[in-house]
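> no sequence on this one, just coordinates:
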């Protein structure tokens, strides 16, 4: 059985050997014994024997013997660990990332189901699944970003004499098979899946935290949900930044490779020959294809356009004479009624039970605004007594209907001669 302490001890003692084997594993899927002996002899300590180091590595399961052969392979767990520390990761598959992102939807549904049914076990299982998915997605994003950076560096540092298609072949494949699907998945619109799923998971976790605080659950459970919510928010930011960095790294190389392919190089060479020798000597006439367009195109106007053009040709302008400007007299305020005559007529008609109806009966031709103005002026008069009724009334005028409390007018006591005679008799 594998001993973790022994494996860590051998990693500490023989790190240079294991790091070199992890680098060689990109070219050799398995190591022959002679290759292992050369690597161990090169990086081992002076006091150690080569066979002793090899046996320790095999005994602690760092090197695993392959079946049916005498070769050895590096333990996959050790290889991933070493590549992660040295930031020399292999580029993962976009489909694996997509599947993990889709699994967040199932974990979110499991968390909501556990919250609605008050099942703490189901809620805990969904939270653990969500935390594991966010950890794996974050780890894959970081590893893929480092792998893309390494691919770009290898393309830049390759031999400049190598053809551009061969030099940037891996860049083209990575951009088409990983970066473009990743950008589609990270799209914030309707076509994306990364942001909508993480947003729904974030809302679900916030809802769970609120419900658990209302229910008064244990603090440890609330803390776990809150920490997972923080991880989901950080994953959204990490996904956007990683996708942008990967695209910014590979897109210039991809455009450079497209601009400097074999066809563009041939065209550039031919243009240089024309520039140096001229058009006649730079191009061979017998090798040039001859194109000729034998198909003629006719454009015909429709009958509607012809009628419209005919109307334009027969158009005659008509002169319109505008009236000359005249100086009109200054406008004066319109007097609709003689107010002195109205005052005398109203004094003769006292008492009046409803002033509005009286005005409408005696002056039906007045506009509504003028009639209302006279109403308010007469109510404030001092030659009669005015009483406001407690009940409202509605009167239809010419254009509008007015709802109001009617005013009743009566003869003033100071103006009533009968009242004055009665007062004089009482005084005598």
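Everything's here; your move. Bear in mind the structure is a predicted one, so any value in this text is a computation, not a measurement. Numbering: from 1, shown residues only.
> and residue 301, how many neighbours does it have?
9 (other C-beta atoms under 10 Å). Where you see a C-beta, it was placed from the backbone N, CA and C, and this is true even at glycine.
> just residue 317 next, same as before
5.
> again with the one 3 residues further on
A count of neighbours around residue 320, defined by other C-beta under 10 Å, yields 5.
> biggest helix in this structure, by residue count?
Ranked by number of residues, the top helix in the chain under DSSP state H is helix 219-259.
> who does that one touch, helix- and strand-wise?
helix 120-156, helix 164-167, helix 169-174, helix 180-185, helix 194-215 (3 or more C-beta pairs under 8 Å, 6 or more residues apart in numbering; DSSP states H and E).
> as CSV, those helices with mean pLDDT would be great.
Output for the helices and strands packed on helix 219-259, formatted as CSV (pLDDT from 0 to 100):
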stretch, mean pLDDT
helix 120-156, 80
helix 164-167, 72
helix 169-174, 78
helix 180-185, 75
helix 194-215, 78
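> between those helices, which one is nearest to residue 298?
Across those, residue 298 has its closest neighbour in helix 180-185 (44.8 Å, C-beta to C-beta).
> buried residues, that closest one. List them.
182, 185 (16 or more other C-beta atoms under 10 Å).
> enumerate every residue touching residue 399.
By C-beta atoms under 8 Å, 6 or more residues apart in numbering, the contact set of residue 399 is residue 368.
> re earlier: and the next element down the chain from the longest helix of the chain?
helix 262-277 (DSSP states H and E).
> average pLDDT for that following helix?
For helix 262-277, mean pLDDT is 71.
> and that helix, what does it pack against?
Short answer (3+ C-beta pairs under 8 Å, 6+ apart): helix 262-277 packs on helix 164-167, helix 279-282.
> report the angle between that helix and helix 219-259.
40 degrees (axes from the mean of the first three to the mean of the last three C-alpha atoms, to 10 degrees).
> count the neighbours of residue 298 for me.
4.
> ok, and it, which helix or strand is that part of?
Using DSSP H and E, residue 298 falls outside every helix and strand.
> I'd like to know how far it sits from residue 227.
According to C-beta to C-beta, to the nearest Å, residue 298 stands 75 Å off from residue 227.
> remind me which residues of the protein are low pLDDT?
For the chain, the stretches flagged by pLDDT under 70 are 1-2, 86-94, 187-192, 215-218, 258-265, 279-296, 325-335, 413-428.
> domains of it?
4-86, 94-265, 339-427 (automatic domain parsing).
> residue 305: which of those domains is closest?
domain 94-265 (43.5 Å).
> could you list the buried residues of the helix or strand where residue 395 lies?
Assigned by DSSP H and E, residue 395 belongs to strand 393-396. For strand 393-396, burial by neighbour count (16+ other C-beta under 10 Å) applies to residue 395.
> please renumber so the chain begins at 249
Sounds good: first residue 249 from here, last item strand 641-644.
> quick one: strands adjacent to it?
Sheet pairing of strand 641-644 (DSSP bridges) gives strand 649-652 (antiparallel).
> and the partner strand, how far from the chain's centre?
Counting by C-alpha atoms, centre = their mean, to the nearest Å, strand 649-652 is centred 55 Å from the centre of its parent chain.
> can you check stretch 374-383 too?
26 Å.
> next one: stretch 599-613
68 Å.
> what comes into contact with that stretch?
So stretch 599-613 is in contact with 585, 590, 593-594, 597, 614, 619, 622-623, 626-627, 641, 643, 645, 650, 652, 654-659, going by C-beta under 8 Å, 6+ apart.
> again with stretch 266-277
Residues contacting stretch 266-277 (C-beta under 8 Å, 6+ apart): 258-259, 279, 283-284, 287, 290-291, 305, 310-311, 321-322, 326-327, 330-331, 334, 336.
> which of the residues you listed are buried?
Counted by 16+ other C-beta under 10 Å, the contacts of stretch 266-277 give 258-259, 279, 284, 287, 291, 305, 310-311, 321-322, 326-327, 330-331, 336 as buried.
> so which of the contacts of stretch 266-277 are in strands?
311, 321, 322 (DSSP state E).
> got these as CSV, with distance to residue 393 columns?
Shown next, in CSV, are the ones in strands among the contacts of stretch 266-277 (distance: C-beta to C-beta, whole Å):
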residue, distance to residue 393
311, 30
321, 27
322, 24
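> residue 379: which of those residues is nearest?
Of the ones in strands among the contacts of stretch 266-277, the one sitting nearest to residue 379 (C-beta to C-beta) turns out to be residue 322, at 29.9 Å.
> how near is the closest one to residue 265?
In terms of C-beta to C-beta, residue 322 sits 11 Å off from residue 265.
> also residue 330?
11 Å.
> how about residue 299?
Residue 299 is 14 Å from residue 265, by C-beta to C-beta.
> and for residue 309?
15 Å.
> between these two, which is the more surrounded one?
residue 265 (23 against 16).
> just checking, that one touches residue 296?
No - with contact defined as C-beta atoms under 8 Å, residue 265 does not reach residue 296; the gap is 10.4 Å.
> cool, thanks, talk later.
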